[in-house]
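Enquirer: let's see this in three dimensions:
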Amino acid sequence: MSDAFNSIKQGLTEAIDFAQGKTNQAIVHEFAPLDIKSVRAQVGMTQAEFARAFGISLGTLRHWERGDRKPQGPALVLLNVVAKEPEAVLRVLNSI
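Expert: Below you'll find the model as predicted:
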């Protein structure tokens with residue numbers, strides 16, 4: 001079998017194990033909820049600047065700040081990194 005097949009098979013096996021509660025080998029990252037408005041204030045940007053800088057729609061950012069929606073998945077990861085290392089994220093995004 002090919003390396004790609006074996007990699008996919010291993011990933012599926014791990015996903016099934018995780019779904020069945022067998023998490024001994026899975027690495028699970030859990031993030032606490034963030035106060036998005038305070039993260040933005042810490043970076044010192046307006047809503048429009050923050051949304052543009054980090055590739056978030058302005059409407060979505062406003063929903064997060066009002067609390068009617070909560071960031072999930074990759075957006076939550078990005079915002080946690082921005083909260084801890086905003087300069088690093090901006091430096092990388094500006095070099096692309």
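Enquirer: only C-alpha atoms from now on, for both contacts and neighbour counts.
Expert: Fine.
Enquirer: quick one: list the elements packing against the one helix or strand in the chain whose mean pLDDT sits lowest.
Expert: For the chain, using mean pLDDT, DSSP states H and E, the weakest element among its helices and strands is helix 3-19, scoring a mean of 85. The helices and strands touching helix 3-19, judged by 3 or more C-alpha pairs under 8 Å, 6 or more residues apart in numbering; DSSP states H and E, number zero.
Enquirer: can you name the next helix or strand after that helix?
Expert: On the C-terminal side of helix 3-19, the nearest following helix or strand under DSSP states H and E is helix 36-43.
Enquirer: quick check: next helix or strand after that next one?
Expert: helix 47-54.
Enquirer: mean confidence for that next one?
Expert: Averaging pLDDT along helix 47-54 yields 97.
Enquirer: just stretch 71-80 next, same as before
Expert: Computed over stretch 71-80, the average pLDDT equals 93.
Enquirer: can you list contacts of that stretch?
Expert: 31, 34, 36, 39, 64 (C-alpha atoms under 8 Å, 6 or more residues apart in numbering).
Enquirer: let's see it at 10 Å
Expert: With C-alpha atoms under 10 Å, 6 or more residues apart in numbering as the test, stretch 71-80 has contacts from 29-36, 39-40, 54-56, 60-61, 63-64, 70, 81-83, 85-86, 89.
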